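1. output the structure for:
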Amino acid sequence: MSMVQFLPKKGSRIVVVGGSGGMGRSLVRAALSHGLKVVILGRGHSFEQYPAPEGALTIPCDVTDELSVNNAFQTIDKQWGAIDGLVNLAGYTGEAIPIKNLTADEWDSVGAVGLRGTFLVCRAALPLLEKGESSSVVLISSTFGHRVVFSGYAHYASAKAGVVALGKALASESSPSIRVNVVSPGVFNTAFLQGGTGREKLKGSEGVDSSKYHSLVPLGRIGEPDEMAGPILFLLGPAASYITGQVLHVNGGTWAP
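-> Here you go, the predicted model:
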């Protein structure tokens, strides 16, 4: 197999949910440079803050709203008729709040984007993925979904642990026509550290303290967004054709199950 076959073939139709975030922008640039067709789903104001690269289509979408998600994929259906790949990067941390002080609304808000939104996106995408060619899904969890390093992130960690379970269930139900895998990144140098792209900077906390995190990383640094594009594109491509229902950890060695 040649190196180029490690990536999805040129012209493959990929939907990137949360493509305006730090990791999303790196992934979209890499996908476009390889000749993939890309649709980005995201909140409308995120496109104003980070205009999509030339060649990418954009569709405003609120992943917490069932109708908004369904309408977005209906638009994609009219545009393409099928999709070959789906990547869901949508999610945010919220404030770092100990469980004893965490309100139900704060819990629900993080889960609505990170877990409920992932479910709504996957469900709406399935009919188009079933019509695609060697279709593959990559869901983004987090090291926090396996190991909570800092206190105050129970709501975020629980949502991301749910994404892992959802991904495994979807892989089982969708085989053999659709492969589904999960990537669990550690801490990366993106706006996520302050709460998320397009969101107000965290007030009640400083977010994830990347300086403290360095000491926990065997590679001695946090990740850069471009270092996520390769693993995601690999899982979408033919070199991963016998991989489904798995979790790939991209964290510099902080968690090795």
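2. so which residue is dead centre in the protein?
-> Centroid-nearest residue in the chain: residue 89, 1.9 Å away (criterion: C-alpha atoms, centre = their mean).
3. skipping its backbone neighbours, what lies nearest it in space?
-> residue 18 (3.5 Å; C-beta to C-beta, 6 or more residues apart in numbering). Where C-beta positions appear, they are placed from N, C-alpha and C, glycine not excepted.
4. just give me the neighbour total for that neighbour.
-> When neighbours are counted by other C-beta atoms under 10 Å, residue 18 registers 29.
5. check contacts around it.
-> Residue 18 is in contact with 24, 41, 42, 88, 89, 90, 91, 140, 197, counting by C-beta atoms under 8 Å, 6 or more residues apart in numbering.
6. my guess is the residue nearest to the centre of the chain contacts residue 25, does it?
-> No - if you go by C-beta atoms under 8 Å, residue 89 and residue 25 don't touch, sitting 9.9 Å apart.
7. tell me, what's touching those two both at once?
-> Common neighbours of residue 89 and residue 25 (criterion: C-beta under 8 Å, 6+ apart): residue 19.
8. circling back to that earlier point, for residue 139, see how far away the residue nearest to residue 89 is.
-> The spacing between residue 18 and residue 139, counted by C-beta to C-beta, to the nearest Å, is 11 Å.
9. repeat for residue 178
-> The value you get for residue 178 to residue 139, if C-beta to C-beta is used, is 12 Å.
10. these two: which is more packed in?
-> The neighbour count for residue 178 versus residue 139, taken as other C-beta under 10 Å, is higher for residue 139 (26 against 22).
11. tell me the SS of that one?
-> Secondary structure for residue 139, judged by DSSP: H, G, I helix; E, B strand; the rest coil, is strand.
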